[in-house]
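Trainee: Okay, here's the prediction I keep looking at, along with the sequence it came from:
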Amino acid sequence: MKKILSTVLSLLFVSSVAMAQTTTSSTSKTSTSAAKRARKPIFRASKDQIKQAQKILKDRGFYTADETGKLDADTRSGLKKYQAAEGLKVTGTLNRVTLEKMGVVLTDKQKAT
């Protein structure tokens, strides 16, 4: 009886070690492939562009707060409404596509990315 119990425990231990090694190796492969992919630079709107966008959103009735130049919750909400109305991907962020649709001029650095 002790022999059977020790055999079963040994088999469980060996299988758990094998599973841990499999999980570790697949995780490291995923991390490596993710690290190899180059990420694009993050697109950031300037304070002036945000103010212009807030004015446009206000004129269109999607935003009612002050034009602060900050991407606050009200601005993001207005952007989502604007993006939905214009058939853009609804992100709530002031990205390149949204700025271009609004007619806001991009900086040279933004054009390059």
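Mentor: Good, I have the coordinates.
Trainee: pLDDT wise, what is the residue most central in space within the chain at?
Mentor: Central residue of the chain (CA atoms, centre = their mean): residue 91, 9.3 Å from the mean position. On the pLDDT scale, residue 91 is placed at 95.
Trainee: my guess is it meets residue 84, correct?
Mentor: No - counting by CB atoms under 8 Å, residue 84 is not a contact partner of residue 91; they are 10.6 Å apart. C-beta: built from backbone N, CA, C; applies to glycine.
Trainee: ok, back up a step: can you tell me which helix or strand the nearest residue to the residue nearest to the centre of the chain once chain neighbours are set aside belongs to?
Mentor: Take residue 91 and drop its neighbours on the chain: the residue closest to it by CB to CB, 6 or more residues apart in numbering is residue 83, 6.7 Å away. Assessed by DSSP states H and E, residue 83 sits inside helix 73-86.
Trainee: How about the contacts made by residue 72?
Mentor: residue 65 (CB atoms under 8 Å, 6 or more residues apart in numbering).
Trainee: Let me know the pLDDT of it.
Mentor: Predicted confidence (pLDDT) for residue 72: 95.
Trainee: next one: phi and psi at it?
Mentor: Backbone dihedrals for residue 72, given as degrees, to the nearest 10, come out at phi -90, psi -180.
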